[in-house]
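Chemist: Fold the stuff below for me.
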Amino acid sequence: MKFGGTSVADAERIKRAARRIVAAREQGNRVVAVLSARGKTTDELIAAAAEISATPDAREMDMLLSTGERISCALCAMAINDLGHRAISLTGSQAGIVTDTSHTKARILDVRADRIEAALEEDMIVLVAGFQGMSTARDVTTLGRGGSDTTAVALAAAVGADVCEIYTDVSGVYSADPRIVPEARKLEVVSFEEMLEMASSGAKVLQLRSVEYARNHGVRIHCRSSFEDGPGTFVVGEQETMEHALITAVTHSTDEARLTLTGVPDQPGAAARIFETLAEANCNVDMIIQNEPLGEGREGAELSFTVPRDDLRIAREALQPILGELGIAQIDEEPEMGKVSIVGAGMKSHPGVAAKVFATLAGEGINIEMISTSPIKISCVIRSGRVPDAVQALHTAFELGADAVLEERPIGERAR
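Modeler: Next up is the predicted model:
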């Protein structure tokens with residue numbers, strides 16, 4: 001069971017989470033719970049660091065940021081003890097979560113769950129601080145925004161859990177962000193492949209790496225509300241999902257930035273050098289477009305790519321030293337970009353989906369600046385200010401609202 005920041009934001013919500021954990025235990029389950037930092041704690045810690053240093057050391061940031069989740073776990077353990085059950089809170093390192101050495105964006109390498117298993121054998125409820133672990137160099141590391149989801153999935157895999165329940169402030173995964181599209185509907189079940197594409201293209205209900213880990217280790221996820229008891233959305237393997245609709249959801253992001261390099265040498269190895277440099281700086285690159293030089297007298301290609309806006313400064317600083325080495329003329333930045341995507345496993349067998357996407361956006365007067373596709377996703381980079389219009393238009397065009405759904409069947413029940 002994993003509880004997000006809004007689910008443990010104050011004393012009453014921590015007590016509510018404790019009651020939910022205890023209820024699961026009293027139903028005969030052995031329970032491991034992962035907690036995020038309370039409410040805005042992580043943002044407050046980041047702000048505190050900014051008051052001290054303009055460029056805080058990454059290792060020390062991990063030491064600082066890991067404290068928020070530890071506070072939540074200790075307080076929740078106290079609440080569970082008051083309810084008459086025995087609980088123990090553990091840091092990520094105490095729980096046996098081993099990561100690589102990439103500070104602020106570490107990846108889990110192994111989970112050595114001996115201490116968790118021993119506590120469960122003693123009939124204890126185990127609370128683990130999310131978002132953190134210990135590196136192979138024995139430093140505290142954090143897993144990046146949303147990393148508590150990955151902690152929960154990794155622990156579920158390690159202890160062989162029946163299900164990994166992700167409790168959040170929404171009641172499941174929706175066909176679009178309900179704040180933008182009020183008629184968006186909750187999805188009963190989503191495949192790992194669809195959820196991976198949704199998470200990578202802006203859906204913030206689950207962290208991308210948590211879905212990757214769940215798919216690779218066969219962990220069944222149930223994403224549900226902390227504040228109501230109804231079922232949420234199950235994220236499961238392809239074999240458990242029913243026949244796919246054409247389009248499952250519209251997702252979006254308004255946190256994109258674009259970098260354009262002009263005068264890139266038109267020769268083998270130039271692109272490799274650029275993206276190796278970005279990888280070494282731990283920058284996540286999304287879409288990439290290269291235009292070859294056209295016409296006599298034009299030198300060098302133009303290379304454009306998108307990164308998360310938070311990575312823009314790091315990307316720029318990483319590339320500066322190799323501009324002269326490669327003979328790149330300049331770097332242009334556009335920090336206010338957005339992305340809108342449609343996702344659906346049914347796209348594989350239906351032609352004309354891309355044409356409908358482009359026609360819909362054209363009808364709204366929205367210019368598409370970059371495009372990327374996979375067998376089950378089409379993503380368009382547009383200006384961030386037009387993202388809400390694009391999401392609403394595509395949701396309507398593909399008839400994803402609740403009134404377009406005839407019936408919802410229980411998971412595993414086939415249409416007759």
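Chemist: which residues of the stretch 1-150 of the chain fall in strands?
Modeler: 2-3, 32-35, 87-90, 97-99, 108-111, 125-129, 132-135, 140-142 (DSSP state E, counting those that start in this stretch).
Chemist: Quick check, Pro178 in contact with Ala184.
Modeler: Yes - in this structure, Pro178 is within contact of Ala184 by C-beta atoms under 8 Å, at 4.8 Å. Every residue, glycine included, has its C-beta placed from N, CA and C.
Chemist: three-state assignment of Phe275?
Modeler: helix (DSSP: H, G, I helix; E, B strand; the rest coil).
Chemist: What does the pLDDT read for it?
Modeler: At Phe275, the model reports a pLDDT of 94.
Chemist: Return the residues in contact with it.
Modeler: Neighbouring residues of Phe275 by C-beta atoms under 8 Å, 6 or more residues apart in numbering: Val285.
Chemist: Please, where are all the helices along the chain?
Modeler: All helices of the chain, identified by DSSP state H, fall at 11-26, 41-52, 58-65, 67-82, 114-121, 147-159, 192-200, 208-217, 270-280, 312-326, 353-363, 387-397.
Chemist: tilt between the fourth one and helix 147-159?
Modeler: Read it as helix 67-82. Orientation check (axes from the mean of the first three to the mean of the last three C-alpha atoms, to 10 degrees): helix 67-82 against helix 147-159 gives 60 degrees.
Chemist: Could you tell me how many residues sit around Ala129?
Modeler: Ala129 has 29 neighbouring residues, counting by other C-beta atoms under 10 Å.
Chemist: Who's the closest spatial neighbour of the spatially most central residue of the chain, skipping the chain neighbours?
Modeler: By C-alpha atoms, centre = their mean, the mean C-alpha position of the chain lies nearest to Gln207, the distance being 2.3 Å. Spatially, and ignoring its direct neighbours in sequence, Gln207 is nearest to Gly146 (3.2 Å; C-beta to C-beta, 6 or more residues apart in numbering).
Chemist: low-scoring stretches of the protein, by residue?
Modeler: Along the chain, segments meeting pLDDT under 70 span 239-245, 293-299, 402-416.
Chemist: And the protein, what are its domain boundaries?
Modeler: Per the record, the chain has its domains at 2-169, 251-397, by automatic domain parsing.
Chemist: now these in a markdown table, with distance to Ala199?
Modeler: Shown next, in a markdown table, are the domains of the chain (distance: least, C-beta to C-beta, whole Å):
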| stretch | distance to Ala199 |
| --- | --- |
| domain 2-169 | 9 |
| domain 251-397 | 8 |
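Chemist: Quick check: phi and psi at the residue nearest to Ala50 when sequence neighbours are not counted.
Modeler: Counting by C-beta to C-beta, 6+ apart, the nearest residue to Ala50 once its immediate chain neighbours are dropped is Pro56, at 7.5 Å. With angles defined as degrees, to the nearest 10, Pro56 sits at phi -60, psi 150.
Chemist: distance of Pro56 from Gly352?
Modeler: 50 Å (C-beta to C-beta, to the nearest Å).
Chemist: Looking at these two, which is more packed in?
Modeler: Shown here are Pro56 and Gly352; by other C-beta under 10 Å, Pro56 has more neighbours (14 against 9).
Chemist: hang on, that one packs against Ala48?
Modeler: No - using C-beta under 8 Å, Pro56 is not in contact with Ala48; the gap is 9.7 Å.
Chemist: What's the local residue count around Arg386?
Modeler: Look at Arg386: counted by other C-beta under 10 Å, it has 18 neighbours.
Chemist: which residues touch it?
Modeler: For Arg386, the contact set (C-beta under 8 Å, 6+ apart) comprises Gly338, Glu364, Ile366.
Chemist: Could you measure from it over to Ile342?
Modeler: For Arg386, the distance to Ile342 equals 16 Å [C-beta to C-beta].
Chemist: List the single closest residue to Ile366 in space, sequence neighbours excluded.
Modeler: Counting by C-beta to C-beta, 6+ apart, Ile366 lies nearest to Arg386, which is 4.9 Å off, once chain neighbours are set aside.
Chemist: What about the contacts of Arg386, which are in strands?
Modeler: Counting by DSSP state E, the members of the contacts of Arg386 that fall within strands are Gly338.
Chemist: Could I get the CA-only coordinates of stretch 69-81 as PDB?
Modeler: The C-alpha trace of stretch 69-81 is given here as PDB (Å, rounded to 0.1, in the frame of the first residue of the first chain):
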ATOM      1  CA  GLU A  69       9.300  10.500   3.900                       C
ATOM      2  CA  ARG A  70      11.000   9.400   7.100                       C
ATOM      3  CA  ILE A  71       8.800  11.900   9.100                       C
ATOM      4  CA  SER A  72       5.600  10.500   7.500                       C
ATOM      5  CA  CYS A  73       6.600   6.900   8.300                       C
ATOM      6  CA  ALA A  74       7.400   7.600  11.900                       C
ATOM      7  CA  LEU A  75       4.200   9.500  12.500                       C
ATOM      8  CA  CYS A  76       2.100   6.900  10.800                       C
ATOM      9  CA  ALA A  77       3.800   4.100  12.800                       C
ATOM     10  CA  MET A  78       2.800   6.000  16.000                       C
ATOM     11  CA  ALA A  79      -0.800   6.200  14.800                       C
ATOM     12  CA  ILE A  80      -0.900   2.400  14.000                       C
ATOM     13  CA  ASN A  81       0.500   1.600  17.400                       C
END
